[in-house]
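>>> build me a structure from this.
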Amino acid sequence: MGFVMLKTKRALITGVTGQDGSLLSSFLLEKGHEVHGLRLYSDVNNTDRIVKILDRDRFHLHYADLTDGGNICRLLSEIQPDEIYNLAAQSHVKVSFEVPEHTADVNGLGVLRILEAIRTLNMTDKVRFYQASSSEMFGSSAPPQNEDTPFHPCSPYGAAKLYAYWITRTYRESYGLHASNGILFNHESPVRGEEFVTRKITRAVAAIEAGMQDILQIGNLDSRRDWGHARDYVEGMWLMLQQDKPDDYVLAAGEAHSVRDFVTAAFTCMGVMLTWQGHGLKEKGIDQRTGRILVAVDPQFFRPNEVNVLRGDARKAHEKLGWKPRVSFAALVQEMLDADRAVLRGMETDDGFLLAAE
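Reported below is the predicted structural model:
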C-alpha cells in the first residue's frame with residue numbers, strides 16, 4: 001500500500017513584520033505551512049519580531065506595498081498561495097486622523113488591490129482569503145458588539161476598515177471567493193508596537209520600577225476595551241480559513257476593562273497598589289504606600305473623537321469555529337510587564353524574541 005504525499009499549504013501574509021504577522025507566521029510554520037511574508041521596504045531593519053524564523057527553510061520574505069497593485073499581482077502570480085492573510089495596515093487609530101488619505105489607501109484600497117489580483121489571476125477557486133477587520137468599525141455602537149451590530153466608525157481608521165470589510169464581502173458574494181472577515185477586538189502581546197497604549201503602559205511601569213522613569217503620562221483613562229492575547233487570535237484567523245464556507249466572525253474575550261484598569265493591573269504586578277484621585281485631566285494615580293504620583297493625564301494623547309466602550313460577543317466563533325480565548329486579562333498584563341522587564345535587562349523572552357535595552 002503506497003503512501004499519499006500531502007501537499008504543503010502555502011500561505012501569504014501581508015504585514016508579516018507586525019505583531020500579528022510574526023505570531024501567525026510561527027503558528028503556521030508549526031503546522032507545516034510554507035510561509036511567504038510581505039514587508040515594506042525600509043532603511044531601518046524592521047524584522048526584530050521574526051528574527052527567530054528568518055532562517056527557516058519554509059519561510060520567505062518579499063518586499064511589497066499595498067499601494068502598488070502591479071507588484072501585488074506579480075507576487076500572487078509567482079507565489080501561488082493557498083491562503084492569504086491580509087494583516088497589513090496603517091494600524092494606529094490616532095495617527096489615522098493625521099494621515100487619513102494614506103490610511104484609506106492602505107487599509108481600504110489596499111484590500112481591493114489584493115482581491116482584484118486574485119480575480120484577474122483566476123485564483124478565486126484556488127485561494128482562501130482572510131481580511132483583518134477591526135472592532136473600531138463598531139465605533140459608537142452600544143456594546144456588546146457582534147456580527148449583527150450596526151457599524152458606526154469614529155475614525156478614518158475605522159472607516160477605511162469598514163470599506164475593506166464590505167469589499168471583501170462583495171467579492172465573496174460576487175465571485176464565489178472563499179473570503180472571511182475576522183472582526184478582531186483588541187489583542188495584545190509582548191511584541192505589541194510601542195505606540196499602542198497597552199505596551200506604553202507596561203514599558204513605563206517596568207522603567208519606573210527600574211528607576212529609569214518617574215511617571216506615566218497617559219490619555220483617556222475611562223476608555224474601555226476588550227483585551228485578549230494575540231496568540232489566541234491568530235489561531236482564530238487560521239480556523240476561519242479551514243471552514244468549508246467563508247463567513248465573518250467576531251473574536252473577543254467578552255469583557256471590557258478601562259485603561260485605568262490596565263494601569264492598575266500593571267502596577268499591581270510589580271507590587272504597587274495605586275489609589276486614584278481627582279477627575280478628568282486632573283486625575284492622578286498615586287502609590288498608596290509612599291504617596292508618590294506615578295500616573296498623570298496628558299491631553300495630547302486624546303483622540304479627536306473617542307470611542308468609549310468596545311466589548312465583543314464571540315458566541316458565533318465559539319459555536320462554529322470552536323474558538324475561545326485562553327489567556328486571561330490578568331495573565332496578559334503580567335506577561336507583557338515581565339517581557340518589558342526583560343527588555344531592560346537585555347534578556348530573551350519566553351517567546352524567543354531577543355529584546356535589547358535601549
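>>> make it CA atoms for all contacts and neighbour counts henceforth
Will do.
>>> check contacts around residue 330.
Applying Cα atoms under 8 Å, 6 or more residues apart in numbering, we find residue 330 in contact with residue 265.
>>> what's the spacing between it and residue 222?
Residue 330 is 18 Å from residue 222, where distance means Cα to Cα, to the nearest Å.
>>> next: residue 203.
For residue 203, the distance to residue 222 - Cα to Cα - is 20 Å.
>>> these two: which is more packed in?
residue 203 (25 against 14; other Cα atoms under 10 Å).
>>> would you agree that one is in contact with residue 344?
No - under the criterion of Cα atoms under 8 Å, residue 203 is not in contact with residue 344, lying 9.0 Å apart.
>>> flag the shaky bits of the stretch 151-300 of the chain, pLDDT-wise.
Along the stretch 151-300 of the chain, no part satisfies pLDDT under 70.
>>> strands of that one, residue ranges please.
Secondary structure of the stretch 151-300 of the chain by DSSP state E, counting those that start in this stretch: the strands cover 178-184, 187-188, 216-218, 224-225, 228-229, 248-251, 257-258, 274-277, 284-287, 293-297.
>>> as JSON lines, those with mean neighbour count and distance to residue 69 would be great.
Listed next are these as JSON lines, based on neighbours: other Cα atoms under 10 Å; distance: least, Cα to Cα, whole Å:
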{"stretch": "strand 178-184", "mean neighbour count": "25", "distance to residue 69": "19"}
{"stretch": "strand 187-188", "mean neighbour count": "23", "distance to residue 69": "29"}
{"stretch": "strand 216-218", "mean neighbour count": "19", "distance to residue 69": "39"}
{"stretch": "strand 224-225", "mean neighbour count": "22", "distance to residue 69": "34"}
{"stretch": "strand 228-229", "mean neighbour count": "26", "distance to residue 69": "32"}
{"stretch": "strand 248-251", "mean neighbour count": "26", "distance to residue 69": "25"}
{"stretch": "strand 257-258", "mean neighbour count": "18", "distance to residue 69": "40"}
{"stretch": "strand 274-277", "mean neighbour count": "16", "distance to residue 69": "51"}
{"stretch": "strand 284-287", "mean neighbour count": "20", "distance to residue 69": "49"}
{"stretch": "strand 293-297", "mean neighbour count": "20", "distance to residue 69": "43"}
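>>> to residue 26, which of those strands lies closest?
The closest of the strands of the stretch 151-300 of the chain to residue 26 is strand 228-229. By Cα to Cα, the value is 15.2 Å.
>>> how about the strands of the stretch 151-300 of the chain in CSV, adding distance to residue 338?
Shown next, in CSV, are the strands of the stretch 151-300 of the chain (distance: least, Cα to Cα, whole Å):
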stretch, distance to residue 338
strand 178-184, 25
strand 187-188, 14
strand 216-218, 17
strand 224-225, 22
strand 228-229, 15
strand 248-251, 25
strand 257-258, 20
strand 274-277, 19
strand 284-287, 20
strand 293-297, 19
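>>> which one of those strands lies closest to residue 154?
Among those, the nearest to residue 154 by Cα to Cα is strand 224-225 (14.8 Å).
>>> that closest one packs against which elements?
Using 3 or more Cα pairs under 8 Å, 6 or more residues apart in numbering; DSSP states H and E, the elements in contact with strand 224-225 are strand 257-258.
>>> contacting residues around the strand it packs on?
Contacts for strand 257-258 (Cα under 8 Å, 6+ apart): 221-227.
>>> about what we covered before: for the strands of the stretch 151-300 of the chain, which one sits closest to residue 240?
strand 178-184 (6.8 Å).
>>> what is the closest one packed up against?
Using 3+ Cα pairs under 8 Å, 6+ apart, strand 178-184 sits against strand 128-134, helix 156-175, helix 230-241, strand 248-251.
>>> most packed of the ones you listed?
Comparing the helices and strands packed on strand 178-184 by mean neighbour count (mean count of other Cα atoms under 10 Å), strand 248-251 ranks first with a mean of 26.
>>> what does it rub up against?
Looking at strand 248-251 with Cα under 8 Å, 6+ apart, the contacting residues turn out to be 146-147, 180-185, 233, 236, 240, 312-314, 316-317.
>>> ok, those residues vs residue 326, which is closest?
The closest of those to residue 326 turns out to be residue 233 (Cα to Cα; 9.8 Å).
>>> the closest one and residue 325 touch, don't they?
Yes - if you go by Cα under 8 Å, residue 233 and residue 325 touch, sitting 7.4 Å apart.
>>> specify which member of the contacts of strand 257-258 is nearest to residue 276.
residue 221 (10.8 Å).
>>> for residue 273, see how far away that closest one is.
Distance, residue 221 to residue 273, by Cα to Cα: 17 Å.
>>> go on, residue 208?
For residue 208 relative to residue 273 (Cα to Cα), the value is 14 Å.
>>> likewise residue 156?
37 Å.
>>> swap in residue 174?
Computed as Cα to Cα, the residue 174 to residue 273 distance reads 56 Å.
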